[in-house]
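[1] Curious how this folds, go ahead:
(one chain, ligands or ions: 1)
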Amino acid sequence: MDIHIIPCLKDNYAYIVENKKTKNACVIDPSESAPIKDFLNKNKLNLKFILNTHHHADHVGGNLELKKEFNSKILGFEKDKERIPGIDIVLKNRQIWNFENSDVLIEHVPGHTSGHIFYYFKNEEAAFTGDTLFSFGCGRLFEGSYLEMVNSLKKIKSLPSKTKIFCGHEYTMSNLKFCIEIDKNNAELKKKYNQISNNIKNKLPSVPSDLSDEMNLNIFLKFDDYKFKKQLGFQDLNEVDFFKKIRDLKDNF
Ligand SMILES: [Zn+2]
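    The predicted model follows:
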């Protein structure tokens, strides 16, 4: 199956997963309907399902119009069933859902919101992480504790390292600036910054990123890296306190 990146609103991404043989498709987090509709019509795709990672308006804004136009079914987590517009299929934690003979693992990842989930397409080795893990960053905590977010990020870290991360926003440049500010002498981070700033200049998205790069460079995932914590003088902080420190620094960056 092919995965198409659809820029929406100011800096959101929706994603269309297409079965090239059947022309059936699903969309993840349609912030708005127009760019999704355009793509589907241009490519003559049938939108069977609308998948939401969480209830925020910039992730569900296109739900109802798309459902009406394409007669699609809307999926979301059970905890969000009152908050996701037009929801038809209520998902449970660790459920395996199936799309066009491809298994999709659902994992509950609270922190950004209490009902946030990610979708992991096994055959495609692709995870749609919404506003939980960003490329070289992570989402703000609106409804969850630091402990919940650390546990949620651990679930993403436990996916195969070659997993491609498709996140909800183009925040990569600002995230990398922050990573470099904290992890000052990391040459790989600077290389990544130059590479991605070229993409952005050429109006190319920075997504998807590789989970292996995230594990290696994303400072929000380094709460269990003693050497890194020591380098910053934070070796006495436990995983959650270290994560809190980094998250708070970013919130004031
Ligand atoms: Zn959000």
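[2] need the helices for the chain, in chain order.
    34-42, 57-60, 63-70, 146-157, 172-182, 187-201, 211-217, 226-231, 239-251 (DSSP state H).
[3] Take these and write them to JSON lines, including mean neighbour count.
    The way it works is simple: take the backbone N, C-alpha and C, and place the C-beta from them, glycine included. Output for the helices of the chain, formatted as JSON lines (neighbours: other Cβ atoms under 10 Å):
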{"stretch": "helix 34-42", "mean neighbour count": "16"}
{"stretch": "helix 57-60", "mean neighbour count": "20"}
{"stretch": "helix 63-70", "mean neighbour count": "18"}
{"stretch": "helix 146-157", "mean neighbour count": "20"}
{"stretch": "helix 172-182", "mean neighbour count": "19"}
{"stretch": "helix 187-201", "mean neighbour count": "14"}
{"stretch": "helix 211-217", "mean neighbour count": "18"}
{"stretch": "helix 226-231", "mean neighbour count": "14"}
{"stretch": "helix 239-251", "mean neighbour count": "17"}
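[4] Quick check: which of these is nearest to the ion?
    Across these, the ion has its closest neighbour in helix 57-60 (6.0 Å, Cβ to the ion).
[5] Tabulate the helices of the chain in CSV, adding columns for distance to the ion.
    Formatted as CSV, the helices of the chain follow (distance: least, Cβ to the ion, whole Å):
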stretch, distance to the ion
helix 34-42, 18
helix 57-60, 6
helix 63-70, 15
helix 146-157, 13
helix 172-182, 15
helix 187-201, 22
helix 211-217, 19
helix 226-231, 27
helix 239-251, 15
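[6] Same list, those, but as CSV with mean pLDDT please.
    Shown next, in CSV, are the helices of the chain (pLDDT from 0 to 100):
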stretch, mean pLDDT
helix 34-42, 98
helix 57-60, 98
helix 63-70, 98
helix 146-157, 98
helix 172-182, 96
helix 187-201, 95
helix 211-217, 97
helix 226-231, 95
helix 239-251, 96
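[7] Out of those, which is closest to Ile3?
    Closest of the helices of the chain to Ile3 is helix 34-42, at 12.2 Å (criterion: Cβ to Cβ).
[8] got a list of contacts for that closest one?
    4, 6-8, 14, 16, 25, 27, 30, 45-47, 62, 65-66, 69-70 (Cβ atoms under 8 Å, 6 or more residues apart in numbering).
[9] can you redo the helices of the chain as a markdown table with distance to Ala126?
    Formatted as a markdown table, the helices of the chain follow (distance: least, Cβ to Cβ, whole Å):
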| stretch | distance to Ala126 |
| --- | --- |
| helix 34-42 | 18 |
| helix 57-60 | 17 |
| helix 63-70 | 21 |
| helix 146-157 | 12 |
| helix 172-182 | 17 |
| helix 187-201 | 19 |
| helix 211-217 | 10 |
| helix 226-231 | 27 |
| helix 239-251 | 25 |
